[in-house]
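Asker: Sequence and predicted structure, then a few things I'm wondering about:
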Amino acid sequence: MLWVWLAAPSPALADFPDKPIRMIVPFAAGGPTDVVARMLAEKMGAALKQSVVVDNRGGAGGAIGTDAVAKARPDGYTLGLATASTHEFTPACNKDTPYDPVNDFQMIGMISSTPTVLFVKRESPLPGLKEVLELSRQNREPVTWGVPGNCSNMHFLLELINKSANAKIAPIPYRGNSAANTDLLAGQITMVGDAVSPATLGLIKSGSVRPIALSAKTDVEPLQNVPTYAELGINVGTFSAWQGLVAPAKTPPEIVEKLNGALRTALADPELKSKWVSAGIAPSQANAPDIMRSRIKAGFENSRKLAEELHLSAK
């Protein structure tokens, strides 16, 4: 008689999760990535019947928190929010980045994408981006842009604008956009660029800041009449902010499958979808782990070439 033994999942995997899951957000609290993470954590927690707790670890363009995810135990209890900054731009121009954006992670799935918006303080005497660029060329006073770390996605965007418009905007690095926004409102810097999100829309709707440029058109109020970089004659290519969910490499496939299922359930939640769409955030439909890995691999390679063209490196 031929006996066929089928390996059953270990009790630990079968019971996963039996304790709270930590979701590391590699930027300070209050920023757009943090807002997305907290809404997602609530819905994923409901799907998994277990708490998902957000842990903010900002700094170095997201590299500090992302490295903590890469070095965590691969048991499914530590997840990380991946972004264009953490998995494309930062490692592409900083050779000292302590992790490999592709091989040090197990991809869970893409979460969302959104345009980026550039804004100035409401009282700024500069009516639009054209005036900002012209002032930077005159060298009469510094024109500054608060970015969430050297080599972040906003740093790349700034340098693309400088190259396309022959401008001289200076990047001012912060641990996250919330700190940059504070300095913007205090008049310490000229402008800030960020993903379109409930956090940025809140600033705009309050009248604290004025949007002056978008990376892509959106129907979201109050951004409908804001010009895109392309409409202003500035070539920055296709530039959007995205978020994804990752775990440490070697996380068991059974756990990855369960986490991916919870992610899909969360993204299909009507309440989450309604809040995100109204804030200009598009929940991802292509959220399979292999699709995410292919996207990150291609994005990282493209960003390495772009970093060389822009002579960008960590400082």
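Answerer: Perfect, I can see it now. Numbers count the residues shown, from 1 in each chain.
Asker: average model confidence for the longest strand seen in the chain?
Answerer: Counting by DSSP state E, the longest strand found in the chain is strand 105-114. Average pLDDT, strand 105-114: 95.
Asker: And stretch 207-223, by the same measure?
Answerer: 93.
Asker: now do stretch 51-68
Answerer: 92.
Asker: Now that stretch: buried residues?
Answerer: Neighbour-count burial for stretch 51-68 flags 52, 54-68 (criterion: 16 or more other C-beta atoms under 10 Å). Any C-beta I mention is one placed from the backbone N, CA and C, and that applies to glycine too.
Asker: So which of those belong to strands?
Answerer: Val52, Val54, Asp55, Asn56.
Asker: phi, psi of Ala82?
Answerer: Backbone torsions of Ala82, given as degrees, to the nearest 10, read phi -100, psi 150.
Asker: With Val192 instead?
Answerer: Dihedral angles for Val192 - degrees, to the nearest 10 - are phi -140, psi 140.
Asker: Could you do Val36 as well?
Answerer: phi -60, psi -40.
Asker: Outside of stretch 268-285 itself, list whatever touches it.
Answerer: 36, 39-40, 43, 109-115, 196-198, 201, 218, 220, 223, 242, 244, 266-267 (C-beta atoms under 8 Å, 6 or more residues apart in numbering).
Asker: just checking, what packs against the longest strand of the chain?
Answerer: helix 32-48, strand 78-83, strand 241-248, helix 253-267, strand 282-283, helix 289-310 (3 or more C-beta pairs under 8 Å, 6 or more residues apart in numbering; DSSP states H and E).
Asker: any idea which of those scores lowest on pLDDT?
Answerer: What stands lowest among the helices and strands packed on strand 105-114, in mean pLDDT terms, is strand 282-283, with a mean of 89.
Asker: how distant is it from the center of its chain?
Answerer: 13 Å (C-alpha atoms, centre = their mean, to the nearest Å).
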